[in-house]
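Student: how would this look folded up:
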Amino acid sequence: MRRSLPPITCRVSDTLIARGHHGLIVTVPDSAADPAETAHAMEVAPGALVQAHVFLLGDDPILLLVSAAHRVDAASTGARLDGELVAAPPHLAVKYTGQLPGSIAPLGHPANLPTWVDSALSRFGELVAAGGYPGAVFRTTYSELLRITAGLSLDVE
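Tutor: As a prediction, the model looks like this:
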């Protein structure tokens, strides 16, 4: 059965296309409820899943695109960014991205957020990122992710 994608996912797809990506977003089975199951469904290593997290660097929102294989060390990552880094509360993540935490896409937000991309993602030939809605994902590469987000590479471990 074919499911239509919600408007937020269409906006992500349109943004992908505008930035030179093919824009194909797919849905994972409902049974893929956690990162390991999503990675299995998409036939990639769990570390190749891109998780988008909104943080506050001082008072300014930023986006960190991080490998699902590890967590952000806010103290050391904040030091690399020359500021105090704090995870944004869920209501601010929704405000800045228009998307729910856990399904935030790397792009397609109301305004572009300064973006840093976990250098650990460079170890994988293919990445899978959220498409802005639960269960929606798209494939990309590390270099393409840097390009389409205007992101900068950063060690977040």
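Student: Next, the buried residues of the helix or strand bottoming out on mean pLDDT in the chain.
Tutor: Lowest mean confidence among the helices and strands of the chain (mean pLDDT, DSSP states H and E): helix 35-42, at a mean of 87. Applying a neighbour-count criterion of 16 or more other Cβ atoms under 10 Å, one finds 35, 38, 39, 40, 41, 42 buried in helix 35-42. Every C-beta, even on glycine, is put in place using the N, C-alpha and C of the backbone.
Student: Of the residues you listed, which is the nearest to residue 56?
Tutor: Distance to residue 56, by Cβ to Cβ, is smallest for residue 35 among the buried residues of helix 35-42, at 24.0 Å.
Student: Can you give me the distance of residue 70 to residue 85?
Tutor: Distance, residue 70 to residue 85, using Cβ to Cβ, to the nearest Å: 15 Å.
Student: Give me the more crowded residue out of those two.
Tutor: Per other Cβ atoms under 10 Å, whichever of residue 70 and residue 85 has more neighbours is residue 85, with 21 against 13.
Student: pLDDT weak spots in this structure?
Tutor: Applying pLDDT under 70 to the chain flags residues 1-3, 31-33.
Student: what ranges do the strands span in it?
Tutor: 26-27, 49-57, 60-67, 85-87, 115-118, 127-130, 136-140, 152-154 (DSSP state E).
Student: So what touches the third one?
Tutor: For strand 60-67, contacts defined as Cβ atoms under 8 Å, 6 or more residues apart in numbering pick out 47-56, 72, 77, 81, 88, 92, 96-97, 104, 106, 109, 113-118, 120-121, 129, 145, 149, 151, 154, 156.
Student: Report the inter-axis angle for it versus strand 49-57.
Tutor: 160 degrees (axes from the mean of the first three to the mean of the last three Cα atoms, to 10 degrees).
Student: so who does residue 123 touch?
Tutor: By Cβ under 8 Å, 6+ apart, the contact list for residue 123 reads residue 47.
Student: hmm, back to that, against which helices or strands is the least confident helix or strand of the chain packed?
Tutor: strand 49-57, strand 127-130, strand 136-140 (3 or more Cβ pairs under 8 Å, 6 or more residues apart in numbering; DSSP states H and E).
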